[in-house]
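Enquirer: all I have is the shape, not the residue letters:
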């Protein structure tokens, strides 16, 4: 009997060991926007709470191009995308509150912008400028412009460039708003390949050494007021999922990661949106969630709609958050109405929209108009949901019932575009002025630190082991003790 138990123990020990190795590897990679599970939570005790230009900086890498995409990390490799303008048409005349070019041709916000509205999730998302949407201008000057679309790989340990590949060189297929870029979508990697999606310019797949394996053209379509694109691809079980919402032909597609061949496509009755889709792994099933005026759940294998929720609010910009029991998401409000934030119960099917003016339904646990949803995605951490508004308003609500716990604002903050993250019972978020604000997690507001870097930030964080990687306008910053 003892000998039999010994042989049972060996494979059991091996399985546990492999699980531990897998977990360590998983925690050391940041393969897509908002991390491996889309929750932006780090657990490493050695991550620093404070940093500055000369404090806890491991290295910097000069970025001589534009882009609001966030970096992703696998092993010792950091990937990011960018575009370099080789020939740019003269800037159109700007009005009050619109960006104006500086001496170097860079666009900075005009003085005294009108109040109201929010900014983008991973870069300037059209429709969320101060003052609300502006009438579409049929500017076709982009057709005479020349850009270079690049994918860059940097060594995580040293900050040295490992390789850079040009995915496309030529004129853009569509225009963009002045404050947007042609590289606002975050790439994704599985450790075998890296996938770079440049909106209307297509999807490109490289191996880890920078060799182009395949590329796919998913079409070029008009976006609202010509503002451009921003929804990032996600990867789940060797399938890429891309949400392509626009003014002409909206759809969501599943693409084989190894070959680039389309597995299915589901047409969407939506206009321009900017949220990144999300795989919700809950106690009932795994399903694909896509935001919009109507929020939908799709079968991962077929693209069939499982449930839908006609949401209150304008464009979908933030991406969902979830646990095993509930999904939390909503749309920003506009000039006409406040947006609404919902808690969806796992296992939902059919039309789950609350009837009349009700806040709940059979599959909606609660909904609220006081969540303070901004352009960055919400953060779920230890029973609380944290929303950071575009002008720095911090709103904390209970994940249990949606009730507001507190609302606060830190004076002097710049606009906030990026998604917050959590680590060691603290919440971190940075504004575009380069200041990372650190507050205590929990039911009471408490400011812990302010960390200033000499750069401008709109992209969201990437975290690997004991290092943070932040993408600014001028540099890639690696932060660690």
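Expert: Yes, it's here. Because the structure is a prediction, the values reported are computed rather than measured.
Enquirer: now do the end-to-end distance for stretch 64-76.
Expert: The first and last residues of stretch 64-76 sit 22 Å apart, counting by C-alpha to C-alpha, to the nearest Å.
Enquirer: only the buried residues of it, if you could.
Expert: Buried residues in stretch 64-76, defined by neighbour count with 16 or more other C-beta atoms under 10 Å: 65, 66, 67, 68, 69, 70, 71, 72, 73, 74. Glycine gets a C-beta too; all of them are placed from N, C-alpha and C.
Enquirer: what of stretch 320-340?
Expert: Within stretch 320-340, the residues scored as buried using 16+ other C-beta under 10 Å are 320-323, 326-334, 339-340.
Enquirer: farthest pair within those residues?
Expert: Spanning the widest gap among the buried residues of stretch 320-340 are 323 and 334, at 29.1 Å by C-beta to C-beta.
Enquirer: picking that back up, wait, which of the buried residues of stretch 320-340 is closest to residue 415?
Expert: Distances from residue 415 to those, taken as C-beta to C-beta, are shortest for residue 332 (14.2 Å).
Enquirer: A strand includes the closest one, no?
Expert: No. If the criterion is DSSP: H, G, I helix; E, B strand; the rest coil, then residue 332 is coil and not within a strand.
Enquirer: please report the distance of it from residue 407.
Expert: Separation of residue 332 from residue 407 (C-beta to C-beta, to the nearest Å) stands at 16 Å.
Enquirer: now the element after the host helix or strand of residue 255, going C-ward?
Expert: Taking DSSP states H and E as the criterion, residue 255 maps to strand 251-256. For strand 251-256, the succeeding helix or strand toward the C-terminus, using DSSP H and E, is strand 262-267.
Enquirer: check which element follows that following strand along the chain.
Expert: Downstream of strand 262-267, the first helix or strand assigned by DSSP H and E is strand 278-281.
Enquirer: against which helices or strands is that next one packed?
Expert: Under the contact criterion of 3 or more C-beta pairs under 8 Å, 6 or more residues apart in numbering; DSSP states H and E, strand 278-281 touches strand 234-236, strand 286-290, strand 321-322.
Enquirer: of these, flag the one that's most buried.
Expert: strand 321-322 (a mean of 24; mean count of other C-beta atoms under 10 Å).
Enquirer: show the average pLDDT along that one.
Expert: Averaging pLDDT along strand 321-322 gives 98.
Enquirer: what strands line up against that strand, and which way round?
Expert: Partners of strand 321-322 in the sheet, by DSSP bridges, are strand 326-330 (antiparallel).
Enquirer: the partner strand to strand 286-290, inter-axis angle?
Expert: On the basis of axes from the mean of the first three to the mean of the last three C-alpha atoms, to 10 degrees, strand 326-330 is oriented at 10 degrees to strand 286-290.
Enquirer: chain center to the helix or strand just after strand 326-330: distance?
Expert: Of the helices and strands lying after strand 326-330 in sequence (DSSP H and E), the nearest is strand 341-345. Remark: strand 341-345 is offset 20 Å from the chain centroid, using C-alpha atoms, centre = their mean, to the nearest Å.
Enquirer: list the buried ones in strand 341-345?
Expert: For strand 341-345, a neighbour-count test (16+ other C-beta under 10 Å) marks 341, 342, 343, 344, 345 as buried.
Enquirer: now what about it, what contacts it?
Expert: Identification of contacts with strand 341-345 by C-beta atoms under 8 Å, 6 or more residues apart in numbering yields 295, 307, 309, 311, 325-330, 352, 363-369, 371, 373, 378, 387, 397, 399, 402.
Enquirer: return the distance of stretch 404-423 from the chain's centre.
Expert: 16 Å.
Enquirer: may I see the buried residues of that stretch?
Expert: Here stretch 404-423 shows 405, 410, 413-423 as buried, counting by 16+ other C-beta under 10 Å.
Enquirer: any idea which of the residues you listed is closest to residue 235?
Expert: Ranked by distance to residue 235 (C-beta to C-beta), the buried residues of stretch 404-423 are led by residue 419 at 18.3 Å.
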